[in-house]
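>>> turn this into a structure:
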Amino acid sequence: MSAKTIRGVAYVLGDNIDTDQILTAEYLKINPSSPEGYAQLATLAMCGLPEGSLPFIDPELGKSPYTIVIAGQNFGCGSSREHAVATLGAAGVRAVIAQSYARIFFRNCVSTGQLLPVVSNVRLCDRVKTGDIVEVAVDEQVVRCENGAPDAAIEPVGELASIVEAGGLFAYARAVGKIAARETAEA
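Numbering: from 1, shown residues only. The predicted structure follows:
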């Protein structure tokens with residue numbers, strides 16, 4: 001499935017979900033660039049949510065069964081850390097659908113290629129429940145909910161989907177010839 005159609009199980013949150021709820025500051029020492037660090041971050045996604053929140057991570061898998069996060073306004077506010085985006089990507093999240101984002105969180109989603117930030121003018125967090133199946137049809141600019149809720153229009157994503165699908169800004173620039181491809185080491 002390409003970044004232009006993302007279908008999966010939703011995890012629903014409200015407004016002002018900050019980076020400390022996605023990953024608390026005590027774990028910022030983990031290096032997301034190493035395979036071990038990336039795997040460790042996967043197990044910590046949403047570790048800062050209030051006590052009593054539905055579990056986000058399946059402890060047996062070490063990842064999340066939720067591939068789409070749905071939220072209200074100002075998702076990713078707080079500290080400007082790439083770790084929050086990397087943590088969600090490591091956990092298996094492919095897209096976040098929110099009414100608005102903190103600017104730096106949105107930019108980090110695209111530049112790292114970890115997940116697609118989708119803007120909905122409709123408050124989907126009031127229409128969808130955690131566990132519902134949701135489909136983001138990027139080209140059609142719509143979110144479909146299998147729970148019977150009406151389809152919701154999303155803002156145009158444009159080339160962002162291609163950048164995320166390529167694996168981030170630099171990978172995309174290499175793929176379209178804007179910067180030179182990396183030299184491979186000869187054996």
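
>>> could you pull out the helices for the protein?
All helices of the chain, identified by DSSP state H, fall at 19-22, 35-44, 82-91, 103-112, 160-166, 169-175.

>>> can you pull the buried residues of the last one?
By neighbour count, with 16 or more other Cβ atoms under 10 Å as the criterion, the buried positions of helix 169-175 are Leu169, Phe170, Ala171, Tyr172, Arg174. C-beta: built from backbone N, CA, C; applies to glycine.

>>> closest to Ala71 among the residues you listed?
Leu169 (23.5 Å; Cβ to Cβ).

>>> dig out what Ala152 forms beta bridges with.
Val143 (DSSP bridges).

>>> longest strand anywhere in the chain?
Across the chain, the longest stretch assigned as strand under DSSP state E is strand 5-12.

>>> so can I have CSV of the buried residues of helix 169-175 showing distance to Ala181?
Formatted as CSV, the buried residues of helix 169-175 follow (distance: Cβ to Cβ, whole Å):
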residue, distance to Ala181
Leu169, 15
Phe170, 11
Ala171, 10
Tyr172, 12
Arg174, 5
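
>>> which one of those sits closest to Asn31?
Taking Cβ to Cβ as the measure, Asn31 lies nearest Phe170 of these, at 18.6 Å.

>>> ok, the closest one - contacts?
When contacts are counted by Cβ atoms under 8 Å, 6 or more residues apart in numbering, Phe170 touches Ile179.

>>> ok, now Ala171?
Applying Cβ under 8 Å, 6+ apart, the residues contacting Ala171 are Gly113.

>>> so how far is Arg103 from it?
From Ala171 across to Arg103, the span is 22 Å (Cβ to Cβ, to the nearest Å).

>>> with Ala39 instead?
29 Å.

>>> tell me which of these two has more neighbours.
Between Ala39 and Arg103, Ala39 has the larger neighbour count (other Cβ atoms under 10 Å), namely 14 against 11.

>>> in this structure that one contacts Ala90, no?
Yes. Applying Cβ atoms under 8 Å, one finds Ala39 in contact with Ala90, separated by 7.0 Å.

>>> now render the helices of the chain as JSON lines, adding distance to Glu146 and mean pLDDT.
Putting the helices of the chain into JSON lines (distance: least, Cβ to Cβ, whole Å; pLDDT from 0 to 100) gives the following:
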{"stretch": "helix 19-22", "distance to Glu146": "26", "mean pLDDT": "96"}
{"stretch": "helix 35-44", "distance to Glu146": "26", "mean pLDDT": "96"}
{"stretch": "helix 82-91", "distance to Glu146": "22", "mean pLDDT": "96"}
{"stretch": "helix 103-112", "distance to Glu146": "25", "mean pLDDT": "94"}
{"stretch": "helix 160-166", "distance to Glu146": "22", "mean pLDDT": "92"}
{"stretch": "helix 169-175", "distance to Glu146": "31", "mean pLDDT": "91"}
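
>>> give me the pLDDT for the closest residue to Gly37 other than its chain neighbours.
Leaving aside its sequence neighbours, Gly37 sits nearest to Asn31 (Cβ to Cβ, 6 or more residues apart in numbering; 4.0 Å). Listed pLDDT for Asn31 reads 94.
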